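>>> sharing a model prediction with you, sequence too.
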Amino acid sequence: GAVVSQHPSRVICKSGTSVKIECRSLDFQATTMFWYRQFPKQSLMLMATSNEGSKATYEQGVEKDKFLINHASLTLSTLTVTSAHPEDSSFYICSAEVTGQGAFTDTQYFGPGTRLTVL
Amino acid sequence: QKEVEQDPGPLSVPEGAIVSLNCTYSNSAFQYFMWYRQYSRKGPELLMYTYSSGNKEDGRFTAQVDKSSKYISLFIRDSQPSDSATYLCAMSMDSSYKLIFGSGTRLLVRP
């Protein structure tokens, strides 16, 4: 249980284009999903917290107009990198929080990540 | 000073060794402590989840939390080459609050 998928796993795009990344909770409902960015040999940095049906909460220093987040349902959140530039190249990882009852409630399960390369 | 400190390694051990991974933190409000394993180019996988102080054991893995020292540990017994990965500690103040991650320790278990 608690499987999170991401699509695509890898994307290469030209500078100036927009890229959409999907995050899905496959076997549970996630009221809250999180988006992280990870640069090589560095830890995960939280970008934003996404709650179903409401606006995302962005961390300090993260441009909300550049990184658009939509949490349209309890199983799907999307991150759109608008007008991507080479400095946006990174590993983007989503996580979903299990809510309700059980041994691992209120913990985050991570997707496999999406590697974005902007040329 | 970072909120969570973790030695980046790499830590190289022979197969079968006991591995000790550690994190220190500065915020005494942290109550929830987690260890994640991350293989190269993959998302983190939850290994252990502990609330407040104490020990928790799951198979070859034991997590310890010492809140008085602001120090958490993950022990891996009978380490295997497949345990080679980066281990991330993470913690939060509230069960629904954001996670703060350590930088990760890269572990290499030699056959």
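Received the coordinates, thanks.
>>> does A:V4 really touch A:G113, like I thought?
No: in this structure, A:V4 is not within contact of A:G113 by Cβ atoms under 8 Å, at 10.3 Å. Any C-beta I mention is one placed from the backbone N, CA and C, and that applies to glycine too.
>>> what touches both of the two?
When contacts are counted by Cβ atoms under 8 Å, 6 or more residues apart in numbering or on different chains, A:V4 and A:G113 are jointly contacted by B:G43.
>>> who's in contact with B:S26?
Contacts of B:S26 by Cβ under 8 Å, 6+ apart are B:Q1, B:K2, B:E3, B:V4, B:K70.
>>> check the closest residue in space to the fourth one that isn't next to it in sequence and give its pLDDT.
It stands for B:V4. Closest residue to B:V4 apart from its sequence neighbours, by Cβ to Cβ, 6 or more residues apart in numbering or on different chains: B:G102 at 4.5 Å. Taken from the predicted model, the pLDDT recorded for B:G102 is 93.
>>> same check, this time on A:G113
Model confidence at A:G113, expressed as pLDDT, equals 95.
>>> does chain A sit close to the helix or strand that contains B:M34?
Assigning secondary structure by DSSP states H and E places B:M34 in strand B:32-38. Yes: applying Cβ under 8 Å from any Cβ of the partner chain, one finds strand B:32-38 in contact with chain A at B:Y32, B:M34, B:Y36.
>>> which residues sit in contact with the second one?
In other words, B:M34. For B:M34, the contact set (Cβ under 8 Å, 6+ apart) comprises A:T107, B:L46, B:L47, B:M48, B:Y49, B:T50, B:C89, B:A90, B:M91, B:L99.
>>> low-confidence ranges, chain A, go.
A:1, A:99-106 (pLDDT under 70).
>>> who in it is up against chain B?
If contacts are counted using Cβ under 8 Å from any Cβ, the residues of chain A sitting beside chain B are A:4, A:6, A:32, A:34, A:41-44, A:46, A:49, A:91, A:93, A:95, A:97, A:104-113, A:115.
>>> thinking again about what came up before, now render the contacts of B:S26 as CSV, adding pLDDT.
Rendered in CSV, the data for these read as follows (pLDDT from 0 to 100):
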residue, pLDDT
B:Q1, 71
B:K2, 79
B:E3, 88
B:V4, 93
B:K70, 95
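>>> are any of the residues you listed buried, and which?
Neighbour counting with 16 or more other Cβ atoms under 10 Å in any protein chain shown marks B:V4, B:K70 as buried within those.
>>> what is the nearest of the contacts of B:S26 to chain A?
Distance to chain A across the contacts of B:S26 (Cβ to the nearest Cβ) is lowest for B:V4, with 8.5 Å.
>>> that older thread, could you list which of the contacts of B:S26 belong to strands?
B:V4 (DSSP state E).
>>> please tabulate the contacts of B:S26 in a markdown table, including the columns distance to A:L79.
A markdown table is the format used below for the contacts of B:S26 (distance: Cβ to Cβ, whole Å):
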| residue | distance to A:L79 |
| --- | --- |
| B:Q1 | 30 |
| B:K2 | 25 |
| B:E3 | 25 |
| B:V4 | 24 |
| B:K70 | 33 |
